[in-house]
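S.K.: Got a sequence here, can you model it:
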Amino acid sequence: MRRRLAPAALVIAGALALAGCGGSASDSGSGSGKAELSVGSAYMPQPVSDEMAAGFFTVTNKGGAADELTSVTSDVAGQVTVHETTGGAMQEVKALKVPAHGELVLKSGGNHLMFEQLKRKPKEGQTVSVELHFAHSGPVKVEMPVKSATYNPKTGH
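M.R.: Prediction:
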């Protein structure tokens, strides 16, 4: 452990360590000890393949406890997997952390969802329903609009 951290970094590191040590029982206490999750900026680029698609969104946690995105289900795909991108390499993971008072961002070129074994190919203008499952919080349903294959959320095109 580093000895010279800024005071704010020490507070954040301590809060994350405490949130990670409590297990599921830590979420049943006071209001500040629970994750408070919301999802925004969700979209799926229109898939170019008949078999796979990607999905992106941001999970915001306003609560005092961390959580983890553990799985995703959707009626449009036989399987939805969670991937992280590290050093340009993509790999499937069992979970992605949602920090207390922080965000989990899934974006093109970074962490993302892979919709595999598509049952239908979503088209631009449609929506795809997904259900996000977390380690401690209840499931969250999201309507993910299908955008153009080259959609860039920064420009809106």
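
S.K.: how near is the closest residue in space to Val80 that isn't next to it in sequence to Gly110?
M.R.: Leaving aside its sequence neighbours, Val80 sits nearest to Val72 (Cβ to Cβ, 6 or more residues apart in numbering; 4.2 Å). Backbone N, C-alpha and C define where each C-beta goes, glycine included. Separation of Val72 from Gly110 (Cβ to Cβ, to the nearest Å) stands at 16 Å.

S.K.: between those two, which one's more packed in?
M.R.: Val72 (22 against 13; other Cβ atoms under 10 Å).

S.K.: Can you check the pLDDT for that one?
M.R.: Reading off the confidence values, Val72 has pLDDT 98.

S.K.: ok so, going back, quick one: contacts for the residue nearest to Val80?
M.R.: Counting by Cβ atoms under 8 Å, 6 or more residues apart in numbering, Val72 touches 55, 80-82, 113, 130-133.

S.K.: Equivalent analysis for Glu68, please.
M.R.: Contacts for Glu68 were tallied using Cβ under 8 Å, 6+ apart; they are 95-98, 134-136.

S.K.: Determine which two of the residues you listed are furthest apart.
M.R.: Using Cβ to Cβ, those span at most 13.7 Å, a distance reached by Leu96 and His136.

S.K.: Among the two, which residue is more densely surrounded?
M.R.: His136 (22 against 18).

S.K.: and that one, how far is that from Val59?
M.R.: Look at His136 and Val59: by Cβ to Cβ, they are 13 Å apart.

S.K.: and if you look at Leu37?
M.R.: Separation of Leu37 from Val59 (Cβ to Cβ) stands at 6 Å.

S.K.: show me where this structure has strands.
M.R.: Ranges of strands within the chain are 37-45, 52-61, 67-74, 77-86, 89-92, 96-98, 102-106, 112-118, 127-134, 140-147, based on DSSP state E.

S.K.: if we can go back for a sec, between Leu37 and Val59, what contacts are shared?
M.R.: With contacts defined as Cβ under 8 Å, 6+ apart, the residues shared by Leu37 and Val59 are 98, 140.
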